[in-house]
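Participant: Fold the following, please.
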Amino acid sequence: MIPALRILTALAAGVLFGLGLAISGLLNPAKVKAFLDITGAWDPSLIFVLGAGVVVAFVGYRITFAINKPLFDDQLHLPTKTRIDRPLILGSAIFGVGWGLAGFCPGPAIASLSLGLVPAVIFVVAMFIGMVTHDRLLAGKG
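Facilitator: The predicted structure follows:
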């Protein structure tokens, strides 16, 4: 029974996340690029979406640290790496440049697949190739 609840909970969270991305406009690369273009025709409307995300994450972390055990698992799975290092900085820079150039980041790109957008398909395929390449290049390191 519990595994089914875990799957249903994950599905509900994913649907809610995707719906939020769609309603907010984050599935539209032109809107994202307009938000990131602060020196041109800037569209500040996504700042409220990002602000809401920060509030939700803050509350979520507070709840996470206040409980001893999650509802559908035996333990909390929190990140163990806390050091800011070169790979983190490089990865963040690559993410930011990619987001600015394509107007997609991973979550909205995957959600955009449901719309059948060719740019989203190209982005997700390229993202997958990049992730596999990264994992294969770094296999055995660390």
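Participant: From now on I want contacts and neighbour counts done on CA atoms only, so please keep to that.
Facilitator: Fine.
Participant: Tell me how far the residue most central in space within the chain lies from Thr82.
Facilitator: Centroid check for the chain by CA atoms, centre = their mean gives Gly107 as the closest residue, at 4.3 Å. Gly107 sits 23 Å away from Thr82 when distances are taken as CA to CA, to the nearest Å.
Participant: hang on, the earlier thing: show the backbone phi and psi for the residue nearest to the centre of the chain.
Facilitator: Backbone dihedrals for Gly107, given as degrees, to the nearest 10, come out at phi -60, psi -60.
Participant: show me the contacts for it.
Facilitator: Residues near Gly107 by CA atoms under 8 Å, 6 or more residues apart in numbering: Gly18.
Participant: Give me the below-cutoff pLDDT ranges for the chain.
Facilitator: 1, 139-142 (pLDDT under 70).
Participant: Can you spell out which helices and strands pack onto the longest helix seen in the chain?
Facilitator: Using DSSP state H, we find that the single longest helix of the chain is helix 2-24. Under the contact definition 3 or more CA pairs under 8 Å, 6 or more residues apart in numbering; DSSP states H and E, helix 2-24 sits against helix 106-112.
Participant: which parts of the helix it packs on are buried?
Facilitator: Buried residues in helix 106-112, counted by 16 or more other CA atoms under 10 Å: 108-112.
Participant: downstream neighbour of it in the secondary structure list?
Facilitator: Next along the chain after helix 106-112, taking DSSP states H and E as the criterion, comes helix 118-138.
Participant: Run through who's touching that next one.
Facilitator: 102, 104, 106, 109-110, 112-113.
Participant: Same question for stretch 62-74.
Facilitator: Residues from elsewhere that reach stretch 62-74 (CA under 8 Å, 6+ apart): 2-3, 5-6, 75-76.
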